[in-house]
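1. Here you go, sequence then predicted model.
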Amino acid sequence: MSLIKTISDSALTLTPNERLLIQSVMDDPTTAALGTASELAKAVGVHEATASRLAKKLGFNSYARFRDALRDEFIATNETATRFQKTISDNDTGTTLGNLIAEEVDALSHVDNFISDTQINQVAEKLMSADRIFIQGTGNAEILALLMLKRFRRFGKDAHQLASDARSLAEQTLGLRPGDVVLTFVFRRAPKHYVPLIETTREAGAQSIVICGSAGAMAAPSPDYILAAPRSGSTEAFQTLTVPMTICNAIVIAAGLTEQKQSLKKLERLGQLIERFD
C-alpha cells in the first residue's frame with residue numbers, strides 16, 4: 001500500500017495539528033523525508049511529540065520509520081535518478097519546453113510506484129458495471145471530467161456531469177441510488193462541496209472514486225476508491241495535468257478491455273449515428 005493511501009485511510013482520525021503536519025509533508029515530501037521530526041514540527045508550529053504520535057497513528061514504530069517510507073516513496077532511487085539525469089541531458093536546451101519534458105518524464109516514471117494495475121482495473125470495472133456514472137471536476141480538473149464523461153458515454157454508459165453550485169449539485173444527487181458511481185478529482189485542496197458529495201454518495205449506497213495528487217490523501221471522508229499520484233512541478237507553483245490525465249487514460253483503456261466486444265459494438269454504433277447526424 002502506498003503512503004498516500006495509508007494517509008488517506010487515516011485522515012478522519014487525525015487531530016487538527018496532525019493534519020497540519022501531514023499537509024506540510026504532502027506539500028513538500030522531499031524536505032520532510034530529509035529532515036527530523038523536530039524540524040518538521042518547528043516549521044509547522046506544533047510540538048515535536050505530535051510528529052511522533054502521527055507516525056505511530058499511521059502504523060510506523062517511530063518517526064524515523066515514517067521518514068524512511070517518505071524517502072522510499074518520494075525520493076528517486078539511484079536507477080531512477082540516472083534515468084532522470086539522462087532525460088535532462090537529452091532535453092535541457094535552456095528552453096521551457098525542454099525542462100518541462102524532463103519534469104513530466106520524471107513524474108510519469110513514478111506513477112506505478114503509487115498506483116497498481118489492480119487498482120486501475122478495479123476502478124475501470126466499477127465504472128463499467130455502474131448503473132449510472134456521475135462525474136465532477138472543478139477548476140483545472142474540469143477538462144479531465146469532460147474527458148471521462150465523453151469516453152464512458154462512448155462505451156454506452158449513462159454518464160452525467162455534476163454541477164459545481166450547491167443547488168444544482170443537491171438536485172443532481174437527490175436521486176443517487178445503489179449501483180451508481182460518483183467520480184471526482186482532488187488536487188491542491190478538496191473542492192468546496194467534496195465533503196457533502198462523498199457523504200451523500202455513501203448515504204445513498206452508491207460508490208465514490210477520487211483521482212488526486214499527493215495532497216488528495218488528506219481529503220476526508222475517504223472515498224471507496226482512491227487513485228493518488230504526485231503531479232509534476234512545484235506544489236507551491238505551477239503543476240500540470242499530465243499525471244492525472246495518464247491515470248484517466250489508463251482507466252479508459254482498462255474499461256474498454258473489461259467488456260471488449262460490447263465496447264466495440266457501442267463504438268461501431270456510435271460511428272453509425274455520427275454518420276446519420278452528419
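-> Perfect, I can see it now. Numbering: from 1, shown residues only.

2. What helix or strand is D72 located in?
-> helix 63-74 (DSSP states H and E).

3. So which elements touch that helix?
-> Secondary-structure packing of helix 63-74 (3 or more C-beta pairs under 8 Å, 6 or more residues apart in numbering; DSSP states H and E): helix 3-10, helix 29-34, helix 48-57. (Each C-beta comes from the backbone N, C-alpha and C, glycine too.)

4. go with 10 Å
-> helix 3-10, helix 16-27, helix 29-34, helix 37-44, helix 48-57, helix 96-114 (3 or more C-beta pairs under 10 Å, 6 or more residues apart in numbering; DSSP states H and E).

5. okay, which residue of the protein is out on the far edge from center?
-> Going by C-alpha atoms, centre = their mean, the residue of the chain most distant from its centre is R276, 38.4 Å out.

6. is it true that that residue lies in a helix?
-> Yes - assessed with DSSP: H, G, I helix; E, B strand; the rest coil, R276 lies in a helix.

7. Check the gap between it and R269 for me.
-> In this structure, R276 and R269 are 10 Å apart, going by C-beta to C-beta, to the nearest Å.

8. Pull the number of nearby residues for E259.
-> 17 (other C-beta atoms under 10 Å).

9. cool, and Q239?
-> Q239 has 21 nearby residues by other C-beta under 10 Å.

10. One more: K266?
-> 17.

11. So L183, which state does it fall into?
-> Following three-state DSSP, the label given to L183 is strand.

12. pretty sure it is touching M148, no?
-> Yes - at 6.4 Å, L183 counts as touching M148 under the criterion of C-beta atoms under 10 Å.

13. Neighbour count: the two, which is higher?
-> L183 (29 against 24).

14. Run through the residues that contact the more buried one.
-> For L183, the contacting residues are 123, 126-127, 130, 133-137, 144-145, 148-149, 152, 159, 162, 207-211, 223, 225, 248, 251, by C-beta atoms under 10 Å, 6 or more residues apart in numbering.
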